[in-house]
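In: Could you work out the structure for the sequence below:
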Amino acid sequence: GERASILVAAPPEADGSASAKAAVDYEVRLKSWVENEDCVPERPGAVVKRTASKSDDESNWRTPNETDTVRVQGSLYVAGDPSRVLADFGAITDTSSSGDERQEPSGATWMIDEAPEGVEVVDAGSTNPEAKRKVPICDGLEAGLKRMKVDEVAVLKISPEYGFRDAAALGCSGGALEARVKLCHIEARKETWDMSAEEKIAAVGSTRAMGNAHFARKDYARAIRRYDAAIMLSTSEYDISDEGDKSKLKAEASTTRLNRAAAHLKLGDATKARTDANDVLSEDPDNAKALFRRAKANSALDEWPLARADLKKLLAADPANVDAKRALADVAKREKAHKDKVKQLYAGRKLFGRDDDPRVAASVARAKEQQLRHAEEAAEAAGFPVLPPEAPAPDQPAATTEATADTTGEDAASAADQPPEPPPVEPTPAE
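Out: Numbering: from 1, shown residues only. Below you'll find the model as predicted:
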């Protein structure tokens with residue numbers, strides 16, 4: 001409602017002299033404005049929401065979270081061309097969500113982040129009232145919906161990276177998208193502080209089952225998001241007094257952490273996988289799956305003595321464990337390949353007289369330091385005390401890089417003593 005006077009002076013002439021034209025005085029009043037909101041904070045501009053209208057009902061304060069169920073109207077189309085509709089969720093109505101009208105059937109209903117294959121809606125164009133059609137859902141649409149409130153109508157501008165993965169199958173080029181949608185209803189999942197112990201235990205199991213389904217489809221990132229939610233539920237035990245219920249909740253959390261470790265390994269994040277395995281082993285030091293996944297993570301991190309120690313512990317308890325034998329052979333193979341690479345670097349340095357090459361020297365020094373650290377960790381794991389290195393005598397210079405590098409050839413024989421390598425087996429969730 002603010003009124004203002006804006007005086008705009010005439011631009012100067014081409015030669016820089018003052019213009020003979022008079023300044024223009026504008027009288028304006030601000031009636032409204034449109035705010036653009038980034039829906040993906042870490043990627044500004046990736047998904048932008050522009051509110052067209054919203055409810056005046058102060059009770060409509062909630063925005064949907066992952067695994068909340070939403071009902072949506074509107075459409076999603078190719079940017080700049082509303083006639084090229086890719087997903088039709090039904091016409092936007094003016095019906096308020098208050099009272100019994102909240103349950104109006106029009107629109108598409110699905111669970112946020114749980115509809116990677118799309119959602120079925122009633123086919124309004126069919127003469128069969130039971131006929132349905134599948135409507136695709138993209139990440140950008142859900143990112144925008146998670147910033148909307150009930151009865152809000154908004155236009156979403158979606159960049160290609162948050163569009164459809166298989167754009168060609170939908171008849172579009174994979175470019176930018178737009179959507180004009182209304183969030184009609186949110187059915188939120190029960191909050192943890194409103195759950196009984198039995199409900200909490202069941203919720204952890206059902207959420208983990210969602211993650212397992214995504215793991216089976218090789219959608220590991222989505223599986224991890226479900227495992228994250230399940231673990232967060234399992235850590236909320238402040239209002240549980242029964243020790244039996246606490247034990248059940250801890251068991252559910254351990255199983256979920258093992259599954260999340262497997263998903264992290266699939267995505268190549270060995271550090272997070274090792275953390276999950278360590279958390280389980282802190283409660284159950286002999287857990288076979290945790291030992292195996294920690295060994296796989298340590299092997300990927302080039303921590304071969306640690307990986308070997310876990311695998312040997314597994315084989316001591318179960319000599320017929322084929323996966324452990326295979327992993328042990330893989331550890332020996334990876335360790336030998338690394339040491340052979342170091343030898344080749346050192347051989348090239350000597351052959352071409354590049355003793356002063358700082359890159360080669362740094363690589364050899366790192367290899368020496370890593371070998372020393374592995375030896376100390378293996379000794380500590382075996383219960384032997386680790387003594388600090390002794391300083392060389394004044395008349396005895398420290399061992400040279402060449403002498404240390406030349407000793408790496410003895411590992412070829414030790415690798416030959418390892419068991420043969422059976423064919424690979426894919427890791428799967430625990431339960």
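In: got the residue ranges for the helices in the chain?
Out: In the chain, the helices defined using DSSP state H lie at 139-145, 197-216, 220-234, 243-266, 270-283, 288-300, 304-317, 322-351, 358-381, 401-406, 411-416.
In: Which one of the ones you listed lies nearest to Leu183?
Out: With Cβ to Cβ as the measure, helix 139-145 is the member of these nearest Leu183 (6.1 Å). Placement of C-beta: from N, CA and C, glycine included.
In: ok so, going back, could you dump the helices of the chain into JSON lines with mean neighbour count added?
Out: Below are those laid out as JSON lines (neighbours: other Cβ atoms under 10 Å):
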{"stretch": "helix 139-145", "mean neighbour count": "23"}
{"stretch": "helix 197-216", "mean neighbour count": "19"}
{"stretch": "helix 220-234", "mean neighbour count": "21"}
{"stretch": "helix 243-266", "mean neighbour count": "21"}
{"stretch": "helix 270-283", "mean neighbour count": "19"}
{"stretch": "helix 288-300", "mean neighbour count": "24"}
{"stretch": "helix 304-317", "mean neighbour count": "20"}
{"stretch": "helix 322-351", "mean neighbour count": "17"}
{"stretch": "helix 358-381", "mean neighbour count": "14"}
{"stretch": "helix 401-406", "mean neighbour count": "15"}
{"stretch": "helix 411-416", "mean neighbour count": "12"}
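In: In a markdown table: these, plus distance to Ser32 and mean pLDDT.
Out: Below are the helices of the chain laid out as a markdown table (distance: least, Cβ to Cβ, whole Å; pLDDT from 0 to 100):
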| stretch | distance to Ser32 | mean pLDDT |
| --- | --- | --- |
| helix 139-145 | 21 | 96 |
| helix 197-216 | 42 | 94 |
| helix 220-234 | 37 | 95 |
| helix 243-266 | 47 | 95 |
| helix 270-283 | 47 | 96 |
| helix 288-300 | 55 | 96 |
| helix 304-317 | 63 | 94 |
| helix 322-351 | 64 | 82 |
| helix 358-381 | 62 | 67 |
| helix 401-406 | 73 | 38 |
| helix 411-416 | 74 | 40 |
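In: Tell me which of those helices lies nearest to Glu114.
Out: Proximity to Glu114, assessed across the helices of the chain by Cβ to Cβ, is greatest for helix 197-216 (6.6 Å).
In: who touches the closest one?
Out: 67, 114, 116, 189-190, 192, 195, 220, 222-227, 229-230, 233-234, 236-237, 240, 242, 245, 248-249, 252-253, 255-256, 259-260, 262-263, 266, 428-429, 431 (Cβ atoms under 8 Å, 6 or more residues apart in numbering).
In: same thing but at 6 Å, please
Out: 222-223, 226-227, 229-230, 233-234, 240, 245, 248-249, 252, 256, 263, 429 (Cβ atoms under 6 Å, 6 or more residues apart in numbering).
In: could you check the angle helix 243-266 makes with it?
Out: Interaxial angle, helix 197-216 versus helix 243-266 (axes from the mean of the first three to the mean of the last three Cα atoms, to 10 degrees): 10 degrees.
In: What angle do helix 220-234 and helix 197-216 make with each other?
Out: Put simply, helix 197-216 runs at 170 degrees to helix 220-234, going by the same axes, to 10 degrees.
In: how far does helix 197-216 sit from the chain's center?
Out: On the basis of Cα atoms, centre = their mean, to the nearest Å, helix 197-216 sits 18 Å off its chain's mean C-alpha point.
In: And stretch 270-285, by the same measure?
Out: Here the centre of stretch 270-285 is set off from its chain's centre by 18 Å, with Cα atoms, centre = their mean.
In: what do you get for stretch 64-72?
Out: 19 Å.
In: That one: end-to-end distance?
Out: 12 Å (Cα to Cα, to the nearest Å).
In: Touching, Pro300 and Ala270? I think so.
Out: I think there's a mix-up here, since residue 300 is Ala and not Pro. Yes - using Cβ atoms under 6 Å, Ala300 is in contact with Ala270, at 3.8 Å.
In: I'd like the helices of the chain as CSV, with distance to Ala154 appended.
Out: Below are the helices of the chain laid out as CSV (distance: least, Cβ to Cβ, whole Å):
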stretch, distance to Ala154
helix 139-145, 7
helix 197-216, 28
helix 220-234, 24
helix 243-266, 33
helix 270-283, 35
helix 288-300, 43
helix 304-317, 51
helix 322-351, 50
helix 358-381, 53
helix 401-406, 64
helix 411-416, 61
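In: Of those helices, which is nearest Gly16?
Out: Proximity to Gly16 (Cβ to Cβ) singles out helix 139-145 among the helices of the chain, at 48.9 Å.
In: Show residues contacting the closest one.
Out: Contacts of helix 139-145 (Cβ under 6 Å, 6+ apart): 39-40, 47, 49, 76, 112, 156, 158, 162, 179.
In: ok, now stretch 176-189?
Out: 62, 64, 67-74, 76-77, 79, 92, 102, 107, 141, 148, 150, 152-153, 155-160, 163.
In: from the middle of its chain, how far away would it be?
Out: 23 Å.
In: what is the mean pLDDT for that stretch?
Out: The pLDDT scores in stretch 176-189 average 94.
In: Show me which residues of it are buried.
Out: 176-186, 189 (16 or more other Cβ atoms under 10 Å).
In: do you know how far Pro136 is from Leu76?
Out: 8 Å (Cβ to Cβ, to the nearest Å).
In: the more surrounded of those two?
Out: Leu76 (26 against 19; other Cβ atoms under 10 Å).
In: So what pairs up with that one in the strands?
Out: Ala87, Ala179 (DSSP bridges).
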